[in-house]
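K.L.:
I'll drop the sequence and a predicted model, then ask my questions.
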Amino acid sequence: MHGLSKSIWKSAKLDTKKHELVLEAFSKYLRMDFQYEATGKILVITVQGNGPAFIEFDNLNSTHTLKFKPVNNKGKTFWTVTDYTTEINPGAMRSKLPNLLKGNQLASDQLSEFLNTDWKLFWAQIKGPGEESYGQIVKSMAQRVFDQIPIADIFKNIEN
């Protein structure tokens, strides 16, 4: 993932009774490189392919909802992330999914061009799995922080 470190956190709402943190962020540019495997349909086109791929977002607004369980360790409170969901709303999106129509590179390239031209329609098709994958990545990063730093050191006005 590229560009995440330049994201701006617009708001944070912590509810210690519900054990929930809701964050809103803005990323001018975000790129995810990954290995993909696709079998199914995009719109009405049957796809079957795999390989290296990327998705780039511009002007991405996102909402992150983190649910946690406080855990006491040696008199200090840490968080265990129990659930992490995200909602992603891009201003623009580009992708490269080579070999989407296995064995027909020309048709794969044409489909990729179409998906980039009508990216909103494509994003609507992959939004659920895309948000889930993004959420898993960010959840693991958040958990590394919460495993190492007591919550009172992150949020100064919170009690252990």
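P.N.:
Thanks, I have it.

K.L.:
ok, residues contacting the helix or strand containing residue 113?
P.N.:
Here residue 113, judged by DSSP states H and E, is contained in helix 105-117. Contacts to helix 105-117, defined as CB atoms under 8 Å, 6 or more residues apart in numbering, come from residues 42, 45, 47, 49, 93-101, 122. Where you see a C-beta, it was placed from the backbone N, CA and C, and this is true even at glycine.

K.L.:
could you say what helices and strands the following helix or strand past it packs with?
P.N.:
For helix 105-117, the following helix or strand on the C-terminal side (DSSP H and E) is helix 119-148. If you count contacts as 3 or more CB pairs under 8 Å, 6 or more residues apart in numbering; DSSP states H and E, helix 119-148 packs onto strand 20-42, strand 45-73, strand 76-89, strand 92-96.

K.L.:
show me where pLDDT drops low in the protein?
P.N.:
For the chain, applying pLDDT under 70 flags the ranges 158-160.

K.L.:
one more time with 80, if that's ok
P.N.:
Filtered on pLDDT under 80, the chain yields the residue ranges 42-43, 156-160.

K.L.:
before we move on, the earlier item: the helices and strands packed on helix 119-148: which one's closest to residue 153?
P.N.:
strand 76-89 (8.5 Å; CB to CB).

K.L.:
Measure how far the closest one is from the centre of its chain, please.
P.N.:
Taking CA atoms, centre = their mean, to the nearest Å, one finds the center of strand 76-89 at 12 Å from the center of the full chain.

K.L.:
what's the closest non-adjacent residue to the most centrally placed residue in the chain?
P.N.:
For the chain, residue 134 is the residue whose C-alpha lies nearest the centre (CA atoms, centre = their mean; 2.1 Å). Leaving aside its sequence neighbours, residue 134 sits nearest to residue 86 (CB to CB, 6 or more residues apart in numbering; 5.6 Å).

K.L.:
The one you found: how many residues sit nearby?
P.N.:
When neighbours are counted by other CB atoms under 10 Å, residue 86 registers 21.

K.L.:
For it, list each beta-bridge partner.
P.N.:
Beta bridges link residue 86 to residue 64, judged by DSSP bridges.
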